[in-house]
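> here are the coordinates; sequence isn't available:
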């Protein structure tokens, strides 16, 4: 067991050593070795702290997780209880597979160091859930709720700042070796810290759930249809695959929602109808200028031009997140 632990720690040290000799092209191989060893042993590197938290109340519950407000050493944190098996039996084959998938996902996430990505503090284990992910508490909630409470005269600047935060995080993730795709971008997965900065959260949950259930409904629980790139499910649920390009599409829908305070495809009340419309080639209709509020005509025109490239039907024509981040910065700096 000690040998396994030392091997885990050594592989993690190689990945994290900024002065090491590891070449970027070799990182994916080392990461896979580490994930495979985690799967074989059921253990995690010692840098992933085992935390003793007290769960206080559920603050959100969805298809992929129960989100708890919890306490750690007198501080408020969040415990994410991920992906309970359908039969609630963690010792079942499904339960063990889910635990393995979560551990592999944790290994991916602890490689991330970006100020606009919600970090992992550690993990917790208890009788109700063998593997909870512990993250900092974001006191201002998600982006949509936060911006709804910001005064009109400062709302646009706050929104553009949050959007550039997220674009910067996605740019960082997409150029990592190996590239990390979020796969479930929407306004509820953008959390706001005490200073009003955007934090991208909840990586990989939708993909893990899909891999374990192969269910179209399971991957789309919680009203996410409107954000999903049409090509992701075009070839059937068994070929579900998210990409940097599908992240770009989902981020475009999220930008539209935050800029207009309306869900994308607002003309469709039914979630499946919104997805079907996108798969037929439809895209959100441009709302009247006044819907964009203080953004102003010039910036609204530039933003709409960017959005139309981000949700291009041809995924290969969508811009990289580096380009999106730069253009959002230009829009933010421009006069209304």
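Looks like it arrived, so ask away. Just so it is clear, the model here is predicted, and its values are computed rather than measured. Residues are numbered from 1 along each chain as shown.
> Please, where are all the helices along the protein?
2-16, 27-41, 93-109, 143-148, 152-175, 205-213, 216-219, 244-260, 271-279, 297-310, 321-333 (DSSP state H).
> Can you flag the weakest of these by average pLDDT?
Mean pLDDT is lowest for helix 216-219 among the helices of the chain, at a mean of 49.
> related to what we said a few turns ago, can I get the helices of the chain in a markdown table including distance to residue 49?
Quick note: C-beta positions are derived from backbone N, CA and C, even for glycine. Output for the helices of the chain, formatted as a markdown table (distance: least, C-beta to C-beta, whole Å):
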| stretch | distance to residue 49 |
| --- | --- |
| helix 2-16 | 13 |
| helix 27-41 | 16 |
| helix 93-109 | 12 |
| helix 143-148 | 28 |
| helix 152-175 | 23 |
| helix 205-213 | 21 |
| helix 216-219 | 31 |
| helix 244-260 | 29 |
| helix 271-279 | 39 |
| helix 297-310 | 38 |
| helix 321-333 | 30 |
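> Mean neighbour count, the ones you listed: which tops it?
helix 244-260 (a mean of 24; mean count of other C-beta atoms under 10 Å).
> helices and strands around that helix, which ones?
Secondary-structure packing of helix 244-260 (3 or more C-beta pairs under 8 Å, 6 or more residues apart in numbering; DSSP states H and E): helix 143-148, helix 152-175, helix 297-310, helix 321-333.
> List of residues touching stretch 327-334?
Residues outside stretch 327-334 that contact it (C-beta atoms under 8 Å, 6 or more residues apart in numbering): 157, 160, 161, 163, 164, 167, 298, 299, 302, 303, 306, 319.
> Could you do stretch 156-168 as well?
With C-beta under 8 Å, 6+ apart, stretch 156-168 has contacts from 114, 116, 143, 147, 150, 190, 192, 196-200, 251, 254-255, 258-259, 293-295, 299, 321, 324-325, 328-329, 331-332.
> Swap in 6 Å and give it another go.
116, 143, 147, 150, 190, 197-198, 200, 255, 258, 294-295, 321, 324-325, 328-329, 332 (C-beta atoms under 6 Å, 6 or more residues apart in numbering).
> got it, and stretch 274-293?
Against stretch 274-293 from outside (C-beta under 6 Å, 6+ apart): 225-226, 230, 256, 259-260, 264-265, 268, 297, 300, 304, 311, 313.
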